[in-house]
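> Pasting a predicted model and its sequence here:
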Amino acid sequence: MIVLKTEAIIEERIKFNNGQLELTGVLGYPAESEPQLGVLLCPPHPNFAGDMNNNVIQALARRLAGTAITLRFDYRGVGASHIELPAGVSTIDYWDTVEEKQDYKDAEADTQAAGDALREIAPIEPLITIGYSFGVVTAAHYAMNNTEVELLVGISPPWTRIDFSFLCDYHKPTLLVCSRNDFLYKQEEIDRIRRVISQSTKLEIINHSDHFFRGEEELICREIEKYIQQVFAQKGV
């Protein structure tokens with residue numbers, strides 16, 4: 001039985017490779033007990049304050065590391081993660097183009113490399129993938145492409161920018177949670193998504209806070225912990 005708990009944790013900076021690129025991340029795990037599950041945390045878009053030290057990603061990583069081994073990481077060109085670009089192209093230019101074209105294959109490859117690194121370091125089951133904002137996209141595609149993922153969580157999905165209808169083909173337990181005050185919240189899109197997502201997906205709307213959950217990190221941590229416990233209790237894990 002998985003029991004989520006808060007206890008002393010250890011954090012360790014690591015490096016891992018995606019092809020020729022060296023990426024960076026931070027592992028977190030219990031200081032005095034064996035982790036019960038693995039958690040991969042996917043940060044938001046780099047040009048919108050998106051890195052592994054984002055308030056939501058960092059709070060979840062540290063909270064869940066009381067029970068799990070967690071990995072939060074930086075996409076290419078963010079923090080100390082490397083990127084290779086043509087002359088005259090900045091990292092900001094690169095990520096602007098990614099967003100403009102909605103071409104996320106590089107970010108998804110970075111996420112796959114992070115997941116591979118986590119599995120190599122600690123091949124623990126069950127494995128959970130959590131994404132925040134843009135990270136919902138990379139987390140969802142990672143979950144869909146890796147059968148060992150048993151649970152997916154998306155926080156503040158960018159509803160008005162991305163069509164999440166692709167999740168209708170994903171049938172493992174999924175929680176999508178956002179605030180009604182999110183600047184990306186659109187009731188028409190929420191209603192449409194409710195009609196197309198699979199029955200295994202739970203859509204939870206919070207009536208306060210906003211997209212960023214600043215000062216509300218405890219709230220989002222509790223919501224996700226509750227969902228994780230419910231899912232694995234039903235599974236008998």
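Arrived safely, thanks for sending. Every value quoted in this text rests on a predicted model; they were computed, and no experiment measured them.
> make it CA atoms for all contacts and neighbour counts henceforth
Fine.
> Convert the C-alpha atoms of the helix of greatest length in the chain to PDB, please.
Secondary structure of the chain read by DSSP state H shows that its longest helix is helix 217-235. Taking Å, rounded to 0.1, in the frame of the first residue of the first chain, the C-alpha atoms of helix 217-235 are listed here in PDB:
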ATOM      1  CA  GLU A 217       1.400  25.300  -3.600                       C
ATOM      2  CA  GLU A 218       0.100  23.500  -0.500                       C
ATOM      3  CA  LEU A 219      -3.300  23.300  -2.100                       C
ATOM      4  CA  ILE A 220      -2.200  21.800  -5.300                       C
ATOM      5  CA  CYS A 221       0.100  19.300  -3.500                       C
ATOM      6  CA  ARG A 222      -2.800  18.100  -1.400                       C
ATOM      7  CA  GLU A 223      -5.100  17.700  -4.400                       C
ATOM      8  CA  ILE A 224      -2.600  15.600  -6.200                       C
ATOM      9  CA  GLU A 225      -1.600  13.500  -3.200                       C
ATOM     10  CA  LYS A 226      -5.300  12.800  -2.600                       C
ATOM     11  CA  TYR A 227      -5.700  11.600  -6.200                       C
ATOM     12  CA  ILE A 228      -2.600   9.400  -6.100                       C
ATOM     13  CA  GLN A 229      -3.800   7.800  -2.900                       C
ATOM     14  CA  GLN A 230      -7.300   7.200  -4.300                       C
ATOM     15  CA  VAL A 231      -6.000   5.600  -7.500                       C
ATOM     16  CA  PHE A 232      -3.600   3.300  -5.900                       C
ATOM     17  CA  ALA A 233      -6.000   2.300  -3.100                       C
ATOM     18  CA  GLN A 234      -8.400   1.200  -5.800                       C
ATOM     19  CA  LYS A 235      -5.700  -0.700  -7.500                       C
END
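> Do me a favour and average the pLDDT over that helix.
The average of the pLDDT scores along helix 217-235 is 92.
> just so I have it, where are all the helices in this protein?
For the chain, the helices defined by DSSP H occupy 55-64, 91-101, 105-121, 135-145, 187-196, 217-235.
> Noted, bye for now.
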